[in-house]
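Asker: From the sequence below, what's the structure:
(chains A and B)
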Amino acid sequence: MTPRLFISILTLLSVLGTFPATAQDAPVTDRSATGGATTLQDILDRQKGLTVDGAYRSDNLGVPDNAAPIENQLGTLGGVSQSDDWRALRYNKADVNVSSRSPAADVLMQDGGMTWLEFRQGPLATYGGWLLLGMLGLLLVFYAIRGKIRIDGELSGHKVLRFPSIERFAHWLLAGSFILLGITGLIQLFGRHFIIPLIGHETFAPMAIAGKWIHNNVAWAFMLGLIMVTVFWIAHNIPNKHDLKWLAVGGGLFSKGVHPPAKKFNAGQKIIFWAVIVLGVSISVSGVSLLFPFELPMFAATFEHLNAWGLPQALGFDALPTTLAPHVEMQLAQSWHAIVAFVFMAIIFAHIYLGSVGMQGAFDAMGSGEVDEQWAKEHHGLWLEEVKASTAAKADVRPVK
Amino acid sequence: MKSMYLAFFSIGLVAVLASVGLGYAGFSAKDLTSSPSVRLDK
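Answerer: Alright, predicted model coming up:
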């Protein structure tokens, strides 16, 4: 499965639930009893989750020409009522003039915004939260059963350089910014529900303001770190035949004394690397779209591509809409950004676990950059052989004094 | 560990530079959303 197809499927699955077009259509209702207004049947149909054709509202915007002439007894009454005006605003058909220069400033009401709000406060927060808690629980159980993965032999006392300082810098630039972005992002989503009840509105307000500033500006450090890590390590993360052997034994994670072959990065690390690249790029792109509101809409074009590939149809759904209102684009960007963030955080929990408490000697690689030779022999045997061969070759070419 | 501390410091530095730089370049919310008749801090 290519990364592009993977992203497309995730996009499709995440947005399908936000579009009422996927629901069954309600039967045509006779509205003569209400003079064209909403009927009880419409309300009942909506409660059943059926899609009611809103044209009877969105097209009912009044007829200015129906205004009685000034000579008539009620001649100052217009042909457009206030209800007609509010409908026009709701369906973005009103002629609005605003002094603000924001691209979507003339949208005073957005029909469909509640769908996004309910998704954000409902499934997104619920399933995302449980995903993170579930991963933490899984790691706790794994640690309880497997314990810290220690090396089988004795530490040799000899160190070998695994990651030079610039690579460690790139990693920590990415990792440190990820931690800050994750925490501030979770505060944005869950703060109202979990933090305000604890500390109150007045205390939470500066926390939220600071969190937003940190999230918006640390994002640039994250993107810089992502570029550096990609440049430094992409060549070492190309899959090879040793990865199959590594995966076949689960990397030795689930059994002691098993040390499958691995070069600089084993198959598990390669999975993490590619997940970080794919999810990192996706979250960065949606994040930049959110940083510059209404300037970089991307979902309409994405949906066009998905429709062209036939993906929604293959899954039994209608074609995705290819014309999206500005606010809908921003809401989709926010939803996608948050979904990717939850998946990303869940994966990184496992990475942090293994790199800290989960495996003896793992942190040294990214801390000091040096690892014990025995550790390297057991976990990255092929890489150690390459390093030793390279060191020996350099010693051979040095002139003898 | 020096690389790690340097990276953490760099995160802060990049964040501040990004905030100041983007504001100077006219990307702040008040610059983008106010009408031309609004005189901002001028």
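
Asker: Point out the residues in chain A that sit beside chain B.
Answerer: Residues of chain A lying close to chain B (C-beta under 8 Å from any C-beta of the partner chain) are A:99-102, A:105, A:165-166, A:168-173, A:176-177, A:180, A:213-214, A:216-218, A:220-221, A:224-225, A:292, A:366-369. (Glycine included, C-beta is placed from N, CA and C.)

Asker: now do 7 Å
Answerer: Residues of chain A that fall close to chain B, judged by C-beta under 7 Å from any C-beta of the partner chain: A:99-102, A:105, A:165, A:168-169, A:172-173, A:176-177, A:214, A:217-218, A:220-221, A:224, A:367-368.

Asker: Residue A:252 and chain B: what is the separation?
Answerer: Computed as C-beta to the nearest C-beta, to the nearest Å, the residue A:252 to chain B distance reads 28 Å.

Asker: Excluding chain neighbours, give the residue nearest to that residue in space.
Answerer: residue A:258 (3.8 Å; C-beta to C-beta, 6 or more residues apart in numbering or on different chains).

Asker: Just give me the neighbour total for the one you found.
Answerer: 13 (other C-beta atoms under 10 Å in any protein chain shown).

Asker: Help me see whether the lowest-mean-pLDDT helix or strand in chain B makes contact with chain A, please.
Answerer: One helix or strand of chain B scores below all others by mean pLDDT, DSSP states H and E: helix B:29-33, with a mean of 75. Yes. Legend: contact between helix B:29-33 and chain A by C-beta under 7 Å from any C-beta is shown at B:32-33.

Asker: buried set for that helix?
Answerer: Residues of helix B:29-33 classed as buried under the neighbour-count rule (16 or more other C-beta atoms under 10 Å in any protein chain shown) are B:32-33.

Asker: Kindly report the same for stretch B:9-26.
Answerer: For stretch B:9-26, a neighbour-count test (16+ other C-beta under 10 Å) marks B:10-12, B:14-15, B:18-19, B:22 as buried.

Asker: now do stretch A:226-246
Answerer: Within stretch A:226-246, the residues that qualify as buried by neighbour count (16+ other C-beta under 10 Å) are A:226-230, A:232-233, A:237, A:242-243, A:246.

Asker: do the same with stretch A:140-160
Answerer: Within stretch A:140-160, the residues that count as buried by 16+ other C-beta under 10 Å are A:142, A:149, A:151, A:160.

Asker: The most centrally placed residue in chain B: what's its closest spatial neighbour, skipping adjacent residues?
Answerer: Per C-alpha atoms, centre = their mean, the C-alpha nearest to the average position across chain B is that of residue B:19, at 1.1 Å. Closest residue to residue B:19 apart from its sequence neighbours, by C-beta to C-beta, 6+ apart: residue A:217 at 4.8 Å.
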